[in-house]
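In: Test case, fold it:
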Amino acid sequence: MPGRFTRLAAVALTAAALLSPTLPAAPAHAGPVAEKEWREVFSPDGTISRVLVPARKPAALSRELVQKAAAAEVIPLQETGPSAQRFDLVIIGDGYTAAQMGLLRQHAESKWAEVAAVEPFKKYKNSFNVWLVNVVSNQSGVDNDPYGTTRDTALDMTFYCAGTARLLCLDTAKAQAYAAAAPQVDVILALGNSTTYGGAGYSGISTASGGNAQSGQIAIHEFGHSIGGLADEYYTAGTTYPGGEPGEPNVTTSASGAKWASYIGRATPDGGVIGAYQGGSQYEYGIYRPSENSLMRVLGRPFNLVGLDVMDRAIAAKAGGTPPGPCDALGQRRTGTLASGATAYQPDGNWYYTGASGTHRGCLDGPDAANFDLYLEKWSGSAWGTVATAATIGGDETLTYSGTAGYYRYRIVAGSGSGPYTLGYDVP
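Out: Model prediction:
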């Protein structure tokens, strides 16, 4: 367990260093430049911004505190299987006295219910173990709630972190020490005993106000970072992205959205369709996101289709289950196998009929080493004619076509290579 938390701390410091702007060299007579790091700030209306704050270095833990943390009571709010095959969420609290452990449990169960109502957590609810560590504080509440008040609490939680009212910071080393009492730790949710809206995100740790009905959305957004490795999709006006192609799966420098090409044109849970929308990863220009307004941009929204599949795969990789294929989001699905040079017709060697005008969407998921092409054909009354083509290099193709009522079929051609394929398609 110490190794896990050492890695988390290292990631946090590395991320802070990468995100911090380059500071001018200090004069020779000046003292040391204070380390700074970015923290996300969440507004009650769902908008998100960032603020550069002085790095808050955790104090060294005393032997007494380590022993106290190790002896903390752990309650399984939900235990569905062995930790090696489950995703383990550990919930801890701050500012809850010994007489308020029932309130902590109430807040913890409420926040887990909020998380579990959002996809993909809803789908994988039974693939999570949820542990509550009863962290007992000497006094009730958290610092600066209201401003200027102090409390003697176990994790040193405070609002007005670095002068920002809704930023709810804590001592990460103490939080990790208490969380380590649980059988296993994948992510930590730290709840402050407060009804004031607020929270913050650290590497592997999210904070939220336990008694505030909206604050659970902060944790869900932060899980997008810690579980899925997703980038933020909001931006600061007037800024331009200065780097190369980012590593996160939901932002790109490609104006066509080539990183998520197989998703282009598909309906997305947060509204609209997947495309390449300018702005993301805190920059307005030179970088693109997959949808207009997902949870990684505004709280209270669903993950977009790209982020949803990334999260799905991340949870499935730890908890078991079959991650979705790139074509699984479309309503109809067919599978088959092609030898090199062969052709197949779908659905089932036949055709489908639609009595409505609208958009047809097709997605082909073929072998990585093959070159499969996808064609949509329509019956003219006397012959089949191609109305849409997707013939790039590789095994995966996507196409869209706006058409009238009629008979349609998909033609799949193995230009080179062979192997299994999946066709997903939507019918108007």
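In: first vs last residue of stretch 285-300, how far apart are they?
Out: 25 Å (Cα to Cα, to the nearest Å).
In: Helices along the stretch 201-350 of the chain, start to end?
Out: 216-226, 305-319 (DSSP state H, counting those that start in this stretch).
In: helices or strands next to the last one in the packing?
Out: The helices and strands touching helix 305-319, judged by 3 or more Cβ pairs under 8 Å, 6 or more residues apart in numbering; DSSP states H and E, are strand 87-94, helix 216-226. (Glycine included, C-beta is placed from N, CA and C.)
In: now, of the helices of the stretch 201-350 of the chain, which is deepest in the fold?
Out: Ranked by mean neighbour count under mean count of other Cβ atoms under 10 Å, the helices of the stretch 201-350 of the chain are led by helix 216-226, which reaches a mean of 24.
In: Can you tell me what sits against that helix?
Out: 40, 42, 46, 48, 110-111, 114-115, 118, 121, 187, 189, 198-201, 203-204, 206-208, 230, 232, 295-296, 299-300, 303, 307, 311 (Cβ atoms under 8 Å, 6 or more residues apart in numbering).
In: picking up where we left off before, mean pLDDT lowest for which of the helices and strands packed on helix 305-319?
Out: Note on the helices and strands packed on helix 305-319: lowest mean pLDDT is at helix 216-226, with a mean of 92.
In: got the angle for that helix vs strand 87-94?
Out: Angle of helix 216-226 versus strand 87-94, following axes from the mean of the first three to the mean of the last three Cα atoms, to 10 degrees, is 130 degrees.
In: Need the helices of the stretch 201-350 of the chain in a markdown table (columns: distance to residue 158).
Out: Converted to a markdown table, the helices of the stretch 201-350 of the chain look like this (distance: least, Cβ to Cβ, whole Å):
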| stretch | distance to residue 158 |
| --- | --- |
| helix 216-226 | 16 |
| helix 305-319 | 30 |
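In: So which of those is nearest residue 63?
Out: Closest approach to residue 63 among the helices of the stretch 201-350 of the chain (Cβ to Cβ): helix 216-226, 29.4 Å.
In: Now do the end-to-end distance for stretch 415-422.
Out: End-to-end for stretch 415-422, by Cα to Cα: 16 Å.
In: wait, what's in contact with the residue nearest to residue 305 when sequence neighbours are not counted?
Out: Nearest non-adjacent residue to residue 305, counting by Cβ to Cβ, 6 or more residues apart in numbering: residue 268, 4.2 Å away. Counting by Cβ under 8 Å, 6+ apart, residue 268 makes contact with 274, 290, 291, 294, 304, 305, 306.
In: can you pull the contacts of the second one?
Out: For residue 290, the residues meeting the contact criterion (Cβ under 8 Å, 6+ apart) are 250, 257, 260, 263, 268, 274-277, 304-307.
In: ditto for the third one
Out: By Cβ under 8 Å, 6+ apart, the contact list for residue 291 reads 233, 268, 270, 271, 272, 273, 274, 275, 277, 304, 305, 306.
In: Tell me which of these fall in strands.
Out: residue 277 (DSSP state E).
In: Now for the contacts of residue 291: which two are most distant?
Out: Distance extremes for the contacts of residue 291: the farthest pair is 233 and 273 at 15.5 Å, using Cβ to Cβ.
In: higher neighbour count, those two?
Out: Taking neighbours as other Cβ atoms under 10 Å, residue 233 and residue 273 compare with residue 233 leading, 31 against 18.
In: So for residue 40, what pLDDT did the model give?
Out: Looking at residue 40, the pLDDT reads 84.
In: Where in this structure is the helix or strand with the lowest mean pLDDT?
Out: Ranked by mean pLDDT, DSSP states H and E, the weakest helix or strand in the chain is helix 2-19, scoring a mean of 34.
In: picking up where we left off before, export the helices and strands packed on helix 305-319 to a markdown table and tack on distance to residue 70?
Out: Compiled in a markdown table, these are given as follows (distance: least, Cβ to Cβ, whole Å):
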| stretch | distance to residue 70 |
| --- | --- |
| strand 87-94 | 13 |
| helix 216-226 | 24 |
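In: Relative to residue 317, tell me which of those wins on proximity.
Out: Once those are compared by Cβ to Cβ, strand 87-94 is nearest, at 9.5 Å.
In: who does the very next helix or strand once past that closest one touch, helix- and strand-wise?
Out: Next helix or strand after strand 87-94 toward the C-terminus (DSSP states H and E): helix 101-116. Judged by 3+ Cβ pairs under 8 Å, 6+ apart, helix 101-116 is in contact with strand 74-78, strand 87-94, strand 128-133, strand 187-192, helix 216-226.
In: For residue 40, give me its contacts.
Out: Going by Cβ under 8 Å, 6+ apart, the list of residues near residue 40 reads 48, 49, 50, 200, 201, 221, 222, 232.
In: Closest one of the contacts of residue 268 to residue 411?
Out: residue 274 (24.4 Å).
In: Need phi/psi at that closest one.
Out: Dihedral pair for residue 274: phi -70, psi 130, per degrees, to the nearest 10.
In: I'd like to check which residues are in contact with it.
Out: Taking Cβ under 8 Å, 6+ apart, we find residue 274 in contact with 257, 260, 263, 264, 265, 266, 268, 290, 291, 304, 305, 306.
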